[in-house]
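Asker: Sequence plus predicted model, see below.
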Amino acid sequence: MKSFRRYLTFALVLAMTAACAFAPVCAAESGTGGFSDVDSGAWYAEGAAFVQERGIMEGCGNGVFGPDKTLTRAQLVTMLWRIEGSPVANYAMTFGDVAAGSWYAEAVRWAAAEKVVEGYSDSEFGPNDVMTREQAATVLCRYVKAEVPEGVMGLAGYQDYMDISPWAHQAMLWATHEDVLRGNEGLIMPKKTVTRAEAAVMLQRLLAEGDKTVS
């Protein structure tokens, strides 16, 4: 995990340079700071500032961040693609619901090529489908090519751990162990949809080595 974060130091510099050249993650984003809907004392304020300053996420126009807007599949892969410096992937996509020239097309192409995320089928990606916590954890786990260390405590400490889909169990175990994902009042809420605020905080925890400041 530490070596991955060191590698991302360079990747984030590329992302900050390239992000302005590509279309937004939240329709018609302005890219300006000083969001009117992000209170300085909000639990996600540091996360929002972290991703905005690095060109990973921007605003939704009119000076708003849209913290309560739900995260879509297209948005998450675009964020990860930006972290990587918006690379060009030589990969032939067959997804009929990813229009050529759409703001997320090249990000989806990259994510599919790198097997960071898969489509529902060879022809369907579902770019506008919302992400749940277990889905986001799975994508992030694939992105960092993580393996769960031996001896890690299980998820039985969460009252709703039985709600975790079998395919997401290892990713959720990794995400909680690495503090990318946290529970609340004894619940891990695997089926809960992820908001932009939550996505910002998850990416901050993933990328900022040693950062324990966000609740």
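Answerer: Noted; the coordinates are in hand.

Asker: now stretch 94-105, how far from the chain's geometric center?
Answerer: 19 Å (Cα atoms, centre = their mean, to the nearest Å).

Asker: how far does that stretch stretch from start to finish?
Answerer: Start-to-end span of stretch 94-105 (Cα to Cα, to the nearest Å) is 11 Å.

Asker: Tell me the buried residues in it?
Answerer: Across stretch 94-105, burial judged by 16 or more other Cβ atoms under 10 Å covers Phe95, Asp97, Val98, Trp103, Tyr104, Ala105. All C-beta atoms are positioned from the backbone trio N, CA, C, and that covers glycine.

Asker: again with stretch 150-159
Answerer: Leu155, Tyr158.

Asker: which residues make contact with that stretch from outside it?
Answerer: Stretch 150-159 is contacted from outside by Tyr161, Ile164, His169, Met172, Leu173, Thr176, His177, Gly183, Gly186, Leu187, Ile188, using Cβ atoms under 8 Å, 6 or more residues apart in numbering.

Asker: didn't the fifth one look like it was pressed against Val148?
Answerer: Yes. Under the criterion of Cβ atoms under 8 Å, Leu173 lies in contact with Val148, with a separation of 5.1 Å.

Asker: what about this protein, any weak spots by pLDDT?
Answerer: 1-33, 209-215 (pLDDT under 70).

Asker: which stretches of it form helices?
Answerer: Taking DSSP state H as the test, the helices found in the chain are 2-18, 45-53, 73-83, 105-113, 133-143, 169-177, 196-207.

Asker: that older thread, any chance of the buried residues of stretch 94-105 in a markdown table, with distance to Val130 too?
Answerer: Below are the buried residues of stretch 94-105 laid out as a markdown table (distance: Cβ to Cβ, whole Å):
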| residue | distance to Val130 |
| --- | --- |
| Phe95 | 18 |
| Asp97 | 15 |
| Val98 | 17 |
| Trp103 | 17 |
| Tyr104 | 14 |
| Ala105 | 19 |
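
Asker: Nearest to Val139 among those?
Answerer: Tyr104 (13.9 Å; Cβ to Cβ).

Asker: Chain neighbours aside, what residue packs nearest to that closest one?
Answerer: Of all residues not flanking Tyr104 in the chain, Ala74 sits nearest, at 3.9 Å (Cβ to Cβ, 6 or more residues apart in numbering).

Asker: Run a quick neighbour tally on that neighbour.
Answerer: By other Cβ atoms under 10 Å, 25 other residues sit near Ala74.

Asker: related to what we said a few turns ago, if you count what's nearby, which of Leu173 and Val148 comes out ahead?
Answerer: Neighbours per residue (other Cβ under 10 Å) separate Leu173 from Val148, with Leu173 holding more: 21 against 16.

Asker: which residue is nearest the centroid of this protein?
Answerer: Centrality entry for the chain: nearest residue to the mean C-alpha point is Leu76, 4.4 Å, by Cα atoms, centre = their mean.
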